[in-house]
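> Coordinates only, no sequence provided:
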C-alpha cells in the first residue's frame, strides 16, 4: 500500500495533499516568518515548492515508476511542514530523504528542449521570454514553472541550425511511430499524422498514461517494438496494445468516472485561481 494512502477514497488523499500545497505559498511563508531567501543554504518555502512541482511533472511523464517515489516524497514534505519553523532542515538533508532526487541531465535535456521548437528558442534573452513566462504562469500553477525553467535553459543554448524539411516521403529504412493514448507532451494525433507522411511507416498505439513508450512498461508494446527492430516489420501498418493490469492483476477503474474527481476538479480550479490572483507562483526572475 502507498505510504501516502489515507482515508477511504481518492478525495481523502486529495485533502491530505491539499494541506501540503496550500502551505507552500510565498505570502503564507512570509506571514509565518518562514525562511524565504533563495540564496540561503537552509530550506526555504520557495525551494520546497519548486521541488514539489518538479516531482509532479516527472510523475506525469512516468506515472508507474514515479508514483511510489511521489508518495514517499510527500511524506517528507509533511515532516518538514509539521512545524512553522523549518530552519533545522537543509536542502542537502531534504534531498537525502527524498526517495529519488535524480534530475534531468541538463546538456542532453537542453539539446531536446531547445531544438524541439523549430528554433523559436534560439538566441533568446530573458527579456525576450518574459511575455511567454507571464502567459504560461497563468495557464498552469503547478507545472508552468518547469516549462519556464526549460525555456530559460535555452538562453544558454548555442544551437543555430534549423531543419526545415522535407518531412515525409520515402526513407532508406521503415520508421515506427509509437504513441501513447494519454501523453501530455506528445499528442496521439502526431503519430497518426506522421505515419501518413512517410512511405512504409508503421504505427503502434499504446493505451496508457505517460510520456514515451518505456514509461508504460507495457509488455505488448515491448514485444512489438522488439520485433520491429529485429525484422523491420510488424503484423500490420497500424497496431495497438491494450492497457495492461498492474501487480497481482489489479485493474484500476477510470478515475474520470468517480464522483470524487468532480469534487477535486472544483477545488483544483479554486486553488489555481487563488494562486494566479495572488501571484503565488514562487519564482523570481
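On my side now, so go ahead. Fair warning: this is a prediction, and the values are worked out from it, not measured in the lab.
> Helix, strand, or coil at residue 208?
Here residue 208 is recorded as strand under DSSP: H, G, I helix; E, B strand; the rest coil.
> contacting residues around it?
Counting by C-beta atoms under 8 Å, 6 or more residues apart in numbering, residue 208 touches 180, 181, 182, 216, 218, 243, 244. (Glycine included, C-beta is placed from N, CA and C.)
> Out of the residues you listed, give me the two with the largest separation.
Across those, no pair lies farther apart than 182 and 244, at 14.2 Å, counting by C-beta to C-beta.
> tell me the pLDDT at residue 188?
pLDDT recorded at residue 188 is 90.
> List the residues that contact it.
179, 180, 181, 205.
> Tell me how far it lies from residue 235.
According to C-beta to C-beta, to the nearest Å, residue 188 stands 20 Å off from residue 235.
> How about residue 267?
Counting by C-beta to C-beta - residue 267 and residue 235 are separated by 46 Å.
> In TSV: the contacts of residue 208, plus secondary structure, pLDDT and distance to residue 81.
TSV is the format used below for the contacts of residue 208 (DSSP: H, G, I helix; E, B strand; the rest coil; pLDDT from 0 to 100; distance: C-beta to C-beta, whole Å):
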residue	secondary structure	pLDDT	distance to residue 81
180	strand	95	34
181	strand	93	36
182	strand	91	31
216	helix	92	33
218	coil	94	37
243	coil	90	35
244	coil	88	37
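> Restricted to buried residues, select those residues in PyMOL.
In PyMOL, a selection of the buried entries from those looks like this (16 or more other C-beta atoms under 10 Å):
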select buried, resi 180+216+218+243+244
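> Out of the contacts of residue 208, the closest to residue 109 would be?
Distances from residue 109 to the contacts of residue 208, taken as C-beta to C-beta, are shortest for residue 180 (20.1 Å).
> After whichever strand or helix holds residue 51, which helix or strand is next?
In the assignment (DSSP states H and E), residue 51 maps to helix 45-61. The C-terminal neighbour of helix 45-61 among helices and strands, as given by DSSP H and E, is helix 63-81.
> More neighbours: residue 267 and residue 235, which one.
Neighbour count, other C-beta atoms under 10 Å: between residue 267 and residue 235, residue 267 has more, with 13 against 9.
> Settle this for me: the more buried one is touching residue 18, isn't it.
Yes - the criterion here is C-beta atoms under 8 Å, and residue 267 meets it with residue 18 at 6.9 Å.
> ok so, going back, for the helix holding residue 51, give the mean pLDDT please.
pLDDT averaged over helix 45-61 gives 78.
> for the residue sitting nearest the centre point of the chain, what are its contacts?
Nearest residue to the geometric centre of the chain (C-alpha atoms, centre = their mean): residue 57, 2.3 Å. Listed by C-beta under 8 Å, 6+ apart, the contact set of residue 57 reads 143, 146.
> again with the one 10 residues further on
With contacts defined as C-beta under 8 Å, 6+ apart, residue 67 is in contact with 2, 59.
> Quickly note the distance from it to residue 177.
27 Å.
> ok so, going back, now the contacts of residue 208 in a markdown table, with distance to residue 140?
Output for the contacts of residue 208, formatted as a markdown table (distance: C-beta to C-beta, whole Å):
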| residue | distance to residue 140 |
| --- | --- |
| 180 | 20 |
| 181 | 21 |
| 182 | 17 |
| 216 | 23 |
| 218 | 28 |
| 243 | 26 |
| 244 | 30 |
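> Report the distance from the helix holding residue 51 to the chain centre.
9 Å (C-alpha atoms, centre = their mean, to the nearest Å).
> quick one, it and helix 63-81 angle?
Counting by axes from the mean of the first three to the mean of the last three C-alpha atoms, to 10 degrees, helix 45-61 lies at 160 degrees to helix 63-81.
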